[in-house]
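Visitor: The sequence isn't on hand, but the structure is:
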């Protein structure tokens, strides 16, 4: 059973890593070209997510730190 859990965890980690790479590439592409790749507004979507954390500047800063930490991973 432990082997199955380890295998599933490995797949989920790999998928999360791949998706975070797409987010990072999309954000860089949007900064360079001025429009989203394939019509996806990555920076706008990230801004919306951060705004949903609340009006508190500290909450927004914390959310930004978490997002940047995920991207560096």
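Guide: Perfect, I can see it now. Note that the structure is a prediction, hence the values are computed from the model and not measured.
Visitor: what residue ranges in the protein score low on pLDDT?
Guide: Where the chain drops to pLDDT under 70, the residues are 54-55, 71-73.
Visitor: pull the longest helix from it.
Guide: Secondary structure of the chain read by DSSP state H shows that its longest helix is helix 2-33.
Visitor: That one - contacts with which helices or strands?
Guide: Counting contacts by 3 or more Cβ pairs under 8 Å, 6 or more residues apart in numbering; DSSP states H and E, helix 2-33 is packed against helix 42-51, helix 57-72. (C-beta placed from N, C-alpha, C; glycine too.)
Visitor: Redo those helices as TSV? Include mean neighbour count and distance to residue 29.
Guide: Converted to TSV, the helices and strands packed on helix 2-33 look like this (neighbours: other Cβ atoms under 10 Å; distance: least, Cβ to Cβ, whole Å):
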stretch	mean neighbour count	distance to residue 29
helix 42-51	13	8
helix 57-72	12	14
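Visitor: residues making contact with stretch 38-55?
Guide: The contact list for stretch 38-55 (Cβ atoms under 8 Å, 6 or more residues apart in numbering) reads 23, 26-27, 29-31, 36, 59-60, 62-64, 67.
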